[in-house]
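S.K.: next one to model:
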Amino acid sequence: MEADAGGVREPGAIDWSRVRAATYRIEQRFRYEYPGPIRDLRQRLVLAPPRAHGAQRRLGHRLSVSVAGRRHAQTDGFGNVVAQIELPRVERAVDFTFQALVRREADGAPHTVDAALLLDPRLTAPRRLTRPDEALLDAAADLRAIHPNPADLADAISRFVHRRIVYTKGVSDVFTTAATAFAMGRGVCQDYAHVMLALARACGLPARYVSGHLLGEGATHAWVEVLVRRRDGSVVVLAFDPTHDTPATVRHVVVAVGRDYEDVAPVSGTFDAPYPGVLRARHRVDVIGLIEAA
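M.R.: Below you'll find the model as predicted:
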């Protein structure tokens, strides 16, 4: 028997082992402030979760912009929802406010994808952020020799990265490569994901970067999905969070997937002015509905 518990719930007060499904309310606000007027602001926002992703469904979403201008949404090559905003002039500040409702099942059917993705070079080829150096290639070879089974290998890579990197803020940025983070042995969730991507791809496992939310954390989160062919020929998506040494759970909400962070950066853009702007961000994810085992 199951019970549906409504109302906002504190994550720490929930017995997640009993949760069969959860509904989340996501609220994000990005405010750009400038010393004076700017012109021709072109903003790219990757904030909306996909309509469907494995056991996750988007129930609704809304984006508001405080300054009038042109806006349109499109879907990129990975199926991500990308909002493009064009503002001819901003006097001193502009706010982007995003809200969404998402439902996540705990025990859904396996997340399967088209087998053609196994050969997709976007998921197998290295890029600037994930290009392995000699140290990463040596580690990949060692892991592959011990774990010939692809699913076991993916799990072993996640556990290895968790042990190898110490979570440390302020030592990396969005330009830090997997090789640099691996050499430092320190970084944040983005670095854990990039290192795992570099190792997985060096081991011959197609893998993609995931940007999203982890309930209970105060910022966006990153993890990795590895694609594995099963004995019946189907291809399943196995999601790992190397930062926390766990598979992705009902508490992980997917926003976008890509080759690395550069594909799924939540906010990016350009404008014309002789001075920089300052970004202030606020982020909140609430549990507003639960189905729990009685």
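
S.K.: and the contacts of stretch 106-116?
M.R.: 19-22, 53-55, 227, 229, 233-237, 239, 249-250 (C-beta atoms under 8 Å, 6 or more residues apart in numbering). In short, each C-beta sits where N, CA and C put it, glycine included.

S.K.: select only the buried ones of the residues you listed in ChimeraX?
M.R.: To isolate the buried ones among the contacts of stretch 106-116 in ChimeraX, judged by 16 or more other C-beta atoms under 10 Å, type:
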select :19,20,21,22,53,54,55,227,235,236,237,239,250
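
S.K.: so where do the helices sit in the stretch 101-250 of the chain?
M.R.: For the stretch 101-250 of the chain, the helices defined by DSSP state H, counting those that start in this stretch cover 121-124, 134-146, 150-164, 178-184, 189-202.

S.K.: for Phe98, find the nearest of those helices.
M.R.: Closest to Phe98 of the helices of the stretch 101-250 of the chain, according to C-beta to C-beta: helix 189-202, at 20.1 Å.

S.K.: how far away is Val237 from Thr243?
M.R.: 18 Å (C-beta to C-beta, to the nearest Å).

S.K.: that should have said Ala200, apologies.
M.R.: 15 Å.

S.K.: same thing with Asp107?
M.R.: Relative to Thr243, and taking C-beta to C-beta, Asp107 is found at 23 Å.

S.K.: give me the number of residues near Val210?
M.R.: Close neighbours of Val210, defined as other C-beta atoms under 10 Å, add up to 24.

S.K.: ok, for it, nearest residue in space, not its chain neighbours?
M.R.: Spatial nearest neighbour of Val210, chain neighbours left out: Trp223 (4.9 Å); criterion: C-beta to C-beta, 6 or more residues apart in numbering.

S.K.: shaky segments in the stretch 51-200 of the chain?
M.R.: Judged against pLDDT under 70, the stretch 51-200 of the chain has no low-scoring part.

S.K.: for Asp40, identify the helix or strand it belongs to.
M.R.: Per DSSP states H and E: Asp40 is located in strand 38-45.

S.K.: show me the contact partners of the following helix or strand past that strand.
M.R.: Using DSSP H and E, the next helix or strand after strand 38-45 towards the C-terminus is strand 52-53. Applying C-beta under 8 Å, 6+ apart, the external contacts of strand 52-53 come out as Arg58, His111, Val254, Val257.

S.K.: paired strands for the one helix or strand the third one maps to, with orientation please.
M.R.: Val254 belongs to strand 252-258 when elements are defined using DSSP H and E. The pairing partners recorded for strand 252-258 under DSSP bridges are strand 207-214 (antiparallel).

S.K.: between the partner strand and helix 150-164, how many degrees?
M.R.: Per axes from the mean of the first three to the mean of the last three C-alpha atoms, to 10 degrees, the angle that strand 207-214 makes with helix 150-164 is 60 degrees.

S.K.: between strand 207-214 and helix 189-202, how big is the angle?
M.R.: Using the same axes, to 10 degrees: strand 207-214 against helix 189-202 is 160 degrees.

S.K.: how far does strand 207-214 sit from the chain's center?
M.R.: 2 Å (C-alpha atoms, centre = their mean, to the nearest Å).

S.K.: avg pLDDT for it?
M.R.: Strand 207-214 shows a mean pLDDT of 97.

S.K.: ok, and the closest non-adjacent residue to the residue nearest the centre of the chain?
M.R.: In the chain, the C-alpha nearest the mean C-alpha coordinate belongs to Ser211, at 1.0 Å (C-alpha atoms, centre = their mean). Excluding its sequence neighbours, the residue lying closest to Ser211 (C-beta to C-beta, 6+ apart) is Val264, at 4.1 Å.
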